[in-house]
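Peer 1: Pasting the sequence and the predicted coordinates here, then a few questions.
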Amino acid sequence: MILQEVTTMSDLPFQGLTVDVPRRFRSFYGRIVNQMPLLLADGRVPLTPKQLLQERVHGENAHDRKLLQDNYINTACAVITDSEGEVLVGLYSDPLVEELINSLNPGSRLQSGSLPVDADAYQQIKKNKAFVISPDEASNLCNSWYNEQRVRESFWDYIAEGNAQLVREYLRLVQEPRGRSMKKYMGLWVSSRPGLRLLFARAVDDLYAGLAGDDIHLGYDDGLLVGVVSAGGAQSTEGARERAAQKNNGPYREPSYPRRPSLEDVLGAAERYVAPACREDFQADMKKLYK
């Protein structure tokens with residue numbers, strides 16, 4: 001999936017309360033495995049889905065509210081697929097989920113863009129009241145983001161931590177430009193690749209308005225985390241890399257994962273699988289997506 005939100009594709013200019021008070025929000029744009037240690041070292045915690053919905057609907061700072069509405073955001077929520085195709089959605093309030101998310105760093109050994117989760121950890125998260133999507137339901141959602149309406153409704157209630165009113169208000173926000181229902185909005189995409197990824201939410205007024213999913217590779221360059229000032233308060237941004245390095249017991253290094261494929265890479269890899277008669281149309285469609 002190619003992201004199409006109206007985004008700066010860089011750090012977002014959130015506003016501070018005063019010159020002397022740290023900004024409540026700070027964005028961390030880039031590879032999630034690189035940015036998570038910097039976010040934590042800055043005295044922040046990653047924004048949760050409930051916080052994102054709350055800020056998009058009721059955020060007191062109109063400037064920041066609009067930034068959060070207009071950009072896709074990777075949140076502090078784990079989406080974990082097992083080898084059988086079952087999917088767990090785990091909240092950051094679960095200590096094990098928090099530990100796994102906070103462990104992301106440039107040395108994380110990703111597999112197909114996901115963080116491997118062992119069977120014991122998977123079962124423990126499941127016991128800790130994770131939201132469970134069966135293999136059949138996950139398969140249906142892979143076929144269309146708008147299948148399994150009952151599952152999607154329960155999912156949105158879950159990530160809003162039981163705040164049904166907030167979900168209704170968020171649905172109205174998504175519906176405003178379109179006047180449609182949950183049937184065609186508030187979709188859900190889940191990866192078929194085993195391991196943990198972070199739940200992301202697309203922009204409010206996007207082509208796929210209200211869509212949530214986990215299709216951003218943890219090592220790709222287009223991750224966008226938002227850090228919230230934690231109880232200990234945000235530290236100066238100066239020296240964040242050094243603090244992150246100390247936290248991970250080693251120098252800060254760029255990960256060695258492959259870069260995001262270019263258009264030429266995709267066309268070259270697909271050539272053997274696309275019939276000659278369809279190749280020209282396929283190339284034209286792909287070029288539109290890479291604009």
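Peer 2: Nice, I can see it.
Peer 1: Can you list the low-confidence ranges for the stretch 1-150 of the chain?
Peer 2: By pLDDT under 70, the weakly predicted segments of the stretch 1-150 of the chain are 1-11, 15-22.
Peer 1: Next, the buried residues of the helix or strand L225 falls within.
Peer 2: Assigned by DSSP states H and E, L225 belongs to strand 224-229. By 16 or more other C-beta atoms under 10 Å, the buried positions in strand 224-229 come out as 224-229. All C-beta atoms are positioned from the backbone trio N, CA, C, and that covers glycine.
Peer 1: Need those residues in a markdown table (columns: pLDDT and distance to V117).
Peer 2: Converted to a markdown table, the buried residues of strand 224-229 look like this (pLDDT from 0 to 100; distance: C-beta to C-beta, whole Å):
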| residue | pLDDT | distance to V117 |
| --- | --- | --- |
| L224 | 94 | 23 |
| L225 | 96 | 20 |
| V226 | 96 | 24 |
| G227 | 96 | 23 |
| V228 | 94 | 25 |
| V229 | 87 | 29 |
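Peer 1: Tell me, how many residues neighbour Y146?
Peer 2: Y146 has 17 neighbouring residues, counting by other C-beta atoms under 10 Å.
Peer 1: nearest spatial neighbour of it, skipping sequence neighbours?
Peer 2: Counting by C-beta to C-beta, 6 or more residues apart in numbering, Y146 lies nearest to G187, which is 5.0 Å off, once chain neighbours are set aside.
Peer 1: in the protein, which strand has the most residues?
Peer 2: Counting by DSSP state E, the longest strand found in the chain is strand 73-81.
Peer 1: okay, the angle between that one and strand 224-229?
Peer 2: On the basis of axes from the mean of the first three to the mean of the last three C-alpha atoms, to 10 degrees, strand 73-81 is oriented at 110 degrees to strand 224-229.
Peer 1: and the next element down the chain from strand 73-81?
Peer 2: Scanning forward in sequence from strand 73-81 by DSSP H and E, the next helix or strand is strand 87-91.
Peer 1: Give the partner strands of that following strand in its sheet and their orientations.
Peer 2: Strand pairing for strand 87-91, using DSSP bridges, gives strand 73-81 (antiparallel), strand 131-133 (antiparallel).
Peer 1: which one of those strands is the most hemmed in?
Peer 2: Mean neighbour count (mean count of other C-beta atoms under 10 Å) peaks for strand 73-81 among the strands paired with strand 87-91, with a mean of 26.
Peer 1: got the CA positions of that one in CSV?
Peer 2: The C-alpha trace of strand 73-81 is given here as CSV (Å, rounded to 0.1, in the frame of the first residue of the first chain):
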residue,chain,number,x,y,z
ILE,A,73,0.6,8.1,12.6
ASN,A,74,2.3,5.0,13.8
THR,A,75,0.9,4.3,17.3
ALA,A,76,1.9,2.5,20.5
CYS,A,77,-0.2,-0.6,19.7
ALA,A,78,1.2,-4.0,18.7
VAL,A,79,-0.3,-6.0,15.9
ILE,A,80,1.1,-9.5,16.0
THR,A,81,0.5,-12.2,13.4
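Peer 1: Run a quick neighbour tally on the residue nearest to Y146.
Peer 2: 21.
Peer 1: Give me the phi and psi for it.
Peer 2: The phi and psi values for G187, taken as degrees, to the nearest 10, are phi -70, psi 170.
Peer 1: what about it, distance to V151?
Peer 2: From G187 across to V151, the span is 11 Å (C-beta to C-beta, to the nearest Å).
Peer 1: what do you get for L188?
Peer 2: Plainly put, L188 is 7 Å away from V151 if you go by C-beta to C-beta.
Peer 1: do I73 as well
Peer 2: Using C-beta to C-beta, I73 is found at 22 Å from V151.
Peer 1: Check M36 too.
Peer 2: For M36 relative to V151 (C-beta to C-beta), the value is 29 Å.
Peer 1: And these two? Which one has more around it.
Peer 2: More neighbours surround M36 than the other of M36 and V151, with 27 against 19 (other C-beta under 10 Å).
Peer 1: distance between the ends of stretch 159-169?
Peer 2: End-to-end span of stretch 159-169 (C-alpha to C-alpha, to the nearest Å): 14 Å.
Peer 1: Oops, could you answer that again for stretch 79-88 instead?
Peer 2: End-to-end for stretch 79-88, by C-alpha to C-alpha: 6 Å.
Peer 1: Give me the contact list for it.
Peer 2: Here stretch 79-88 makes contact (C-beta atoms under 8 Å, 6 or more residues apart in numbering) with 78, 89-90, 114, 117, 122, 125-126, 130-135, 138-139, 190-199, 213-214.
Peer 1: No more questions from me, cheers.
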